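Asker: Sequence and predicted structure are below.
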Amino acid sequence: MTAPFPLIACPDCDLLQREAAVPAGGAARCSRCGTVLYRNRPGSLDRTLAYTLAAAVAFVVGNAVPLMGLTAVGHTASTTIIGGVQEMWQQGQPMTALLVGFCAVFAPALDIVLTLAVLLAARRLPAPRWVGTLLRWSPFIRPWRMVEVMMLGILVALIKIAELATVVPDLGMFGLLALMMLLAAMASSFDPREVWARVRWVDEERQPPGAFAQSVSAEAGK
Amino acid sequence: MIGGVLTAARAGFICCEACGLLARPAEPGAPGHCPRCGEELVSRRHNAIQRTWALIIAAAICYIPANVFPVMKTTTVTGVDDDTILDGVVLLYTTGSWPLALIVLIASVIIPLAKLLALGFLLVSVQRGSVANTHDRTRLYHLVEFVGRWSMLDVFVDTFTVALIQLQPLMSVAPGPGVLFFAAVVVLTMLAAASFDPRLIWDAGAAPEGSHA
């Protein structure tokens, strides 16, 4: 059978249901457990590309420029994220330093690079298979990029320090603030389904004919 | 629509975890790989219950040294001061910023403990084949998944305090052994949440006797 709306299963409760058309900006929810199955995000790929490029710039600013300067009893100090990681390492906590470096620097960078690669490659139709491979990795990276948690951590640290010293936020802090918002915008505008619909299948024999740019998940409906 | 509770598993399909394609398994015993993205097809995550239990137990063990050992060692001209996570909360409170003290208390003490209890509850309810409150339990699972990363807060607070307060010989701050255990609790509970499979919550209700839904 060839259905106009293919079957999908809810990732949370496994209920089998038919896809339905969703108005722009709307979301389809599972009829049993209410989990959002997919959203209709018009212009998702272009919009996400714009956010990702901006996030790349904000990442460079937030990591290269000192976050804040501190003045106390004639001493001055300033730090970047990497500087914090280095200090943690030298003070006898290399494992914690690595974890902080991973969550604060490496994971956001990787997310930006992967998303950029996926979006640029998916402009061509059909998108090469490695796009699918990268797209498979990105949900594993997302929970570990913790720019917003770090921002709150910096805020708490600054308030703790405020009574000991004068702290002045530097350009890097604003870069980080912008990065935090752009990463959130990237995550909410990106629609992986749109990319999956453009990717060349691993098993090309099972790929439904003329499936590109059609609705996804056609395998069960044929 | 389809009457009764027809899940992908009962209909003989597998929903690919990576790309969402509803795929037909190659053979029931050996489903093979997703034809679109190449991910291994699994109807339910492998050994979800055992893995989640193992990670929760490991996290619970680390939770004790994380709260007992100091996370920060402050050296001043008058001496050395060890601070545990709770000491940090008290310090914030006494210096007048009680909203921040509350945030740190919630993120560092309450959330990790609540995550352990919530995941333990979900596991026990799945293992007992409970069919009650399936919606609420799914929501609880998503809450655990969403909120987990915020526990990392204290690790970042310690890192930036250590990075900034290096005013030798007047005052310097070094991390304590508690940080590593605390970070381990956060990582282990995040991995535990990721290894649990929310579809297990609904599987008991999808059994033939409960097909009236």
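Answerer: Received the coordinates, thanks. Numbers count the residues shown, from 1 in each chain, chains lettered A, B, ... in the order given.
Asker: hey, let's count contacts and neighbours off CA atoms from now on
Answerer: Will do.
Asker: what's the neighbour count on the residue nearest to A:L125 when sequence neighbours are not counted?
Answerer: Spatially, and ignoring its direct neighbours in sequence, A:L125 is nearest to A:R198 (6.2 Å; Cα to Cα, 6 or more residues apart in numbering or on different chains). A:R198 has 25 neighbouring residues, counting by other Cα atoms under 10 Å in any protein chain shown.
Asker: I'd assumed A:P126 was in contact with A:R198.
Answerer: Yes: with contacts counted by Cα atoms under 8 Å, A:R198 reaches A:P126, the gap being 5.4 Å.
Asker: Quick check: what element follows the lowest-mean-pLDDT helix or strand in chain B along the chain?
Answerer: Lowest by mean pLDDT, DSSP states H and E among the helices and strands of chain B is strand B:166-167, with a mean of 80. Moving toward the C-terminus from strand B:166-167, the next helix or strand (DSSP states H and E) is strand B:171-175.
Asker: Which elements pack onto that following strand?
Answerer: Counting by 3 or more Cα pairs under 8 Å, 6 or more residues apart in numbering or on different chains; DSSP states H and E, the packing neighbours recorded for strand B:171-175 are strand B:72-76, helix B:153-164.
Asker: let's see it at 6 Å
Answerer: strand B:72-76 (3 or more Cα pairs under 6 Å, 6 or more residues apart in numbering or on different chains; DSSP states H and E).
Asker: after the strand it packs on, next one along is what?
Answerer: strand B:79-83.
Asker: Show me what that following strand is packed against.
Answerer: Counting by 3+ Cα pairs under 6 Å, 6+ apart, strand B:79-83 packs on strand B:72-76.
Asker: Could you check the strand it packs on and say which residues are buried?
Answerer: B:72-75 (16 or more other Cα atoms under 10 Å in any protein chain shown).
Asker: Any idea how far apart the tips of stretch A:91-106 sit?
Answerer: Start-to-end span of stretch A:91-106 (Cα to Cα, to the nearest Å) is 21 Å.
Asker: So what's the gap between the lowest-mean-pLDDT helix or strand in chain A and the chain middle?
Answerer: Each helix and strand of chain A was given a mean pLDDT (mean pLDDT, DSSP H and E); the minimum falls on strand A:75-79 at a mean of 79. Taking Cα atoms, centre = their mean, to the nearest Å, one finds the center of strand A:75-79 at 32 Å from the center of the full chain.
Asker: for chain B, what are the nearby residues on chain A?
Answerer: A:8-9, A:12-16, A:33, A:84, A:87, A:91, A:96, A:132, A:136, A:149-150, A:153-154, A:157, A:201-203, A:217, A:220 (Cα under 6 Å from any Cα of the partner chain).
Asker: Weed out the non-buried ones from those.
Answerer: For the residues of chain A next to chain B, buried by 16+ other Cα under 10 Å: A:8-9, A:12-16, A:33, A:84, A:87, A:91, A:96, A:132, A:136, A:149-150, A:153-154, A:157, A:201-202, A:217, A:220.
Asker: returning to that earlier point: looking at the residues of chain A next to chain B, which are in strands?
Answerer: A:8-9, A:16 (DSSP state E).
Asker: Now do the helices in chain B.
Answerer: B:8-11, B:48-68, B:85-94, B:98-105, B:111-127, B:134-147, B:153-164, B:178-195, B:199-203 (DSSP state H).
Asker: Need the winner for burial among the ones you listed.
Answerer: helix B:153-164 (a mean of 26; mean count of other Cα atoms under 10 Å in any protein chain shown).
Asker: Quick check: which helices or strands does that one pack against?
Answerer: Using 3+ Cα pairs under 6 Å, 6+ apart: helix B:153-164 touches helix A:81-90, helix A:147-161.
Asker: Ramachandran angles for the closest residue to B:P25 other than its chain neighbours?
Answerer: Once flanking residues are discounted, B:P25 sits nearest to B:P31: 4.3 Å by Cα to Cα, 6+ apart. The phi/psi pair for B:P31 (degrees, to the nearest 10) reads phi -60, psi -20.
Asker: Likewise for B:R45?
Answerer: According to degrees, to the nearest 10, B:R45 has phi -60, psi 140.
Asker: What score does it have for pLDDT?
Answerer: pLDDT for B:R45: 88.
Asker: With the one 4 residues further on instead?
Answerer: At B:I49, the model reports a pLDDT of 94.
Asker: Same question for A:V60.
Answerer: pLDDT, A:V60: 96.
Asker: and after the helix or strand it falls within, which helix or strand comes next?
Answerer: Per DSSP H and E: A:V60 is located in helix A:44-64. Once the chain leaves helix A:44-64, the next helix or strand it forms, by DSSP H and E, is strand A:68-72.
Asker: so what strands line up beside that following strand?
Answerer: strand A:75-79 (antiparallel), strand A:166-169 (antiparallel) (DSSP bridges).
Asker: who's in contact with the last one?
Answerer: Spelled out, it's strand A:166-169. A:68-71 (Cα atoms under 6 Å, 6 or more residues apart in numbering or on different chains).
Asker: What residue, apart from its backbone neighbours, is nearest B:A58 spatially?
Answerer: Nearest to B:A58 is B:L188, by Cα to Cα, 6+ apart, at 7.2 Å.
Asker: how much space is there between that neighbour and B:C62?
Answerer: 9 Å.
Asker: what's the answer for B:I14, then?
Answerer: Distance from B:I14 to B:C62, by Cα to Cα: 37 Å.
Asker: quick one: contacts for A:M150?
Answerer: Neighbours of A:M150 in contact, by Cα under 6 Å, 6+ apart: B:F156.
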